[in-house]
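**Student:** Pasting a predicted model and its sequence here:
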Amino acid sequence: MTVPIAEPVPEPLGSRLRAAVRDHAWRERRRVYPPALHVGVPGGTTATFRPADDADLDPALRVDVVEAMVRRVRRAPGPPVVWLSRPGPLDTQDVDLRWLAATAAAARELGLDLPMVVVDRRGWRDPRTGAGRTWTRFRLPAGDPPPYDE
């Protein structure tokens, strides 16, 4: 099942979600970009899925995508996290709910607890509870970022 994130956010999870925001801010320099789903350990082993047209994906296919991504990163140290990176405000949008439903179904089928959040360049938010964090600026490493795992 998906694990709703409630306040206070446990420190290990909070650190991983901050890493997801930092990595996204470092890697995604465009103002407008399509949503991308990430599964894994932020700052570590991840799998990324960038659909050509997110609205055209069948709900069952979304579940299969999440399951395959979790299986791909399952041996990574630490429990996996699911995050959707997208532009715009962190207010809940349709795309968030579609991926939240797929994550919940995949978690039930795999027998795992999977937290799922939405990430932009400044913060993260749990679409179920509204818990989240925002930052005004990150110190990003110099140089070009490494590509996301595909």
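**Tutor:** All right, it came through fine.
**Student:** What residues are bridge-paired with the residue nearest the centre of the chain?
**Tutor:** Central residue of the chain (C-alpha atoms, centre = their mean): residue 83, 0.8 Å from the mean position. Here residue 83 shows beta-bridge partners residue 38, residue 117, assigned using DSSP bridges.
**Student:** Against residue 100, how distant is it?
**Tutor:** 11 Å (C-beta to C-beta, to the nearest Å). In short, each C-beta sits where N, CA and C put it, glycine included.
**Student:** list residues touching both of those two?
**Tutor:** Shared contacts of residue 83 and residue 100 (C-beta atoms under 8 Å, 6 or more residues apart in numbering): residue 116.
**Student:** on that earlier part again, residues contacting the residue nearest to the centre of the chain?
**Tutor:** Contact analysis of residue 83 by C-beta under 8 Å, 6+ apart lists 17, 20, 37, 38, 39, 42, 116, 117, 118, 119, 124.
**Student:** Tell me which of those residues has the lowest pLDDT.
**Tutor:** Within the contacts of residue 83, residue 42 has the lowest pLDDT, namely 88.
**Student:** neighbours around residue 33, how many?
**Tutor:** By the criterion of other C-beta atoms under 10 Å, residue 33 has 12 neighbours.
**Student:** which residue ranges form the strands in the protein?
**Tutor:** With DSSP state E as the criterion, the chain has strands at 36-40, 46-49, 81-85, 116-119, 123-125, 132-134.
**Student:** what's the most buried one of those strands?
**Tutor:** By mean neighbour count, with neighbours taken as mean count of other C-beta atoms under 10 Å, strand 116-119 ranks first of the strands of the chain at a mean of 26.
**Student:** Which secondary structure elements does it sit against?
**Tutor:** Packing contacts for strand 116-119, counted by 3 or more C-beta pairs under 8 Å, 6 or more residues apart in numbering; DSSP states H and E, involve helix 11-27, strand 81-85, helix 94-110, strand 123-125.
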